[in-house]
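Asks: Fold the following for me, if possible:
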Amino acid sequence: MNYIKNARALVGEIIRKVLVGEITVRDAIPMFPSGSKDKSITAAFHALLHYEADEDIRERDALYKEEQDDYLTLIFQTLEQGEPLPDNIIRNYEKYYKKADIPMPNNIKSNIIRFWRFITFRE
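Replies: Modelled structure (predicted):
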């Protein structure tokens with residue numbers, strides 16, 4: 001259970017750094033803990049992807065920017081405490097994504113996993 005709380009806290013910190021401009025979303029993506037099955041981390045991952053995808057909308061619409069910033073603030077504050085996200089946030093992303101495509105680190109274990117997926121998911 002400590003692993004999940006620590007992973008959530010890490011993700012909360014990553015999102016906070018994006019919001020304050022310390023890192024970019026592009027820098028944040030590979031920092032997410034790979035292989036996590038925690039639905040809160042998966043939802044946070046997709047919320048961050050949507051944040052980047054909506055950059056042009058945020059530039060044109062100050063109210064939308066404020067709402068999206070507040071939403072991500074709620075997410076990072078909850079996760080930094082190691083707590084799960086509210087069910088409505090998780091459900092909001094679950095209906096579109098069954099799993100997060102969080103990049104795996106480049107090491108022997110992840111290369112074996114990638115190879116296994118390659119040979120087992122080929123048609």
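Asks: secondary structure element for the residue positioned nearest the centre of the chain?
Replies: Taking C-alpha atoms, centre = their mean, the centroid of the chain lies closest to Phe45, which sits 1.4 Å from it. Here Phe45 sits within helix 39-53, counting by DSSP states H and E.
Asks: Other residues contacting that helix?
Replies: 7-8, 11-12, 14-15, 18, 25-26, 28-29, 32-33, 36, 68, 71-72, 75-76, 78-79, 84-85, 89-90, 92-94, 96-97, 99-100, 102 (C-beta atoms under 8 Å, 6 or more residues apart in numbering). From N, CA and C alone the C-beta is placed, and that goes for glycine too.
Asks: Now list the buried members of these.
Replies: Under a neighbour-count criterion of 16 or more other C-beta atoms under 10 Å, the subset of those counted as buried comprises 7-8, 11-12, 14-15, 18, 28-29, 32-33, 36, 68, 72, 75-76, 78-79, 84-85, 89-90, 93, 100, 102.
Asks: Out of the contacts of helix 39-53, list just those in helices.
Replies: Judged by DSSP state H, the contacts of helix 39-53 include 7-8, 11-12, 14-15, 18, 25-26, 28, 68, 71-72, 75-76, 78-79, 89-90, 92-94 as members of helices.
Asks: which of the residues in the helix holding Phe45 are buried?
Replies: Lys39, Ser40, Ile41, Thr42, Ala43, Ala44, Phe45, His46, Ala47, Leu48, Leu49, Tyr51.
Asks: and the gap between Arg16 and Ala9?
Replies: Here the distance between Arg16 and Ala9 works out to 11 Å (C-beta to C-beta, to the nearest Å).
Asks: can you list residues touching both of those two?
Replies: Contact with both Arg16 and Ala9 is made by residues Glu80, according to C-beta under 8 Å, 6+ apart.
Asks: Ranking helices and strands of the protein by mean pLDDT, which lands last?
Replies: Averaged element by element with mean pLDDT, DSSP states H and E, the chain has its least confident helix or strand at helix 108-120 (a mean of 55).
Asks: Can you tell me the SS state at Gly21?
Replies: At Gly21 the chain is in coil, as set by DSSP: H, G, I helix; E, B strand; the rest coil.
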